[in-house]
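K.L.:
Coordinates only, no sequence provided:
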């Protein structure tokens, strides 16, 4: 059974960089696509972007200038960096496995990141 | 592409038949997924390719549609089905979600 677990700071200061890591267990990261999705408190889901095992990425245009998703196949992990954060980036951040033409079929439990000084 | 879900919320009773609509601003073939999210939990994939039930999802859930208009139907609502439902288009980037439909107990 594939499991995903997000990790990283729960509090980030405005203008700094949000960094999260997702550790994949129960399966190899060396296939499928791996995505980040966020959900501001009380609001809907926002797709951030994804990466495949070879490092090919695709990002949401609204975040593209600030987002980097990377993969470390040796650790079975992938990561999210979001620069120049503001309060609007406060959200529950999920990592997921994305299967082509199916969607996000495995999700982490989510990690809350608050942007505040 | 924009995805518009309707209604944004609804109240229903156990045993009711419930239908949720997702409309795309342009044709997306059958590249649509539906998710269920319960409070405090991660979303769960219910249906992909507009009408294919994900493994383990009860058969009271069904999906239909293609092009721009899609529906998620719960044939007989159960207590565990009270949740928020989201559609997501997988046709092109960005892979946006609909705004969600909250299904509440009447």
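P.N.:
Structure's in. What do you need? Being a predicted model, the structure only gives us computed values, none of them experimental.
K.L.:
which residues of chain A fall in strands?
P.N.:
Along chain A, the segments classed as strands by DSSP state E run A:3-7, A:11-12, A:18-25, A:33-39, A:46-52, A:57-59, A:67-72, A:77-82, A:91-99, A:103-107, A:111-115.
K.L.:
Which strands border the longest one, and is each parallel or antiparallel?
P.N.:
Neighbouring strands of strand A:91-99 in its sheet, by DSSP bridges, are strand A:33-39 (antiparallel), strand A:103-107 (antiparallel), strand A:111-115 (antiparallel).
K.L.:
For the ones you listed, give me JSON lines that also has mean pLDDT and mean neighbour count.
P.N.:
(C-beta placed from N, C-alpha, C; glycine too.) JSON lines is the format used below for the strands paired with strand A:91-99 (pLDDT from 0 to 100; neighbours: other C-beta atoms under 10 Å in any protein chain shown):
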{"stretch": "strand A:33-39", "mean pLDDT": "97", "mean neighbour count": "24"}
{"stretch": "strand A:103-107", "mean pLDDT": "98", "mean neighbour count": "23"}
{"stretch": "strand A:111-115", "mean pLDDT": "98", "mean neighbour count": "18"}
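K.L.:
Stretch A:41-50 vs chain B: in contact?
P.N.:
Yes - using C-beta under 8 Å from any C-beta of the partner chain, stretch A:41-50 reaches chain B at A:44-47, A:49-50.
K.L.:
Can you name the residues of chain B sitting close to chain A?
P.N.:
B:31, B:33, B:35, B:42-45, B:48-49, B:54, B:86, B:88, B:90, B:93-100.
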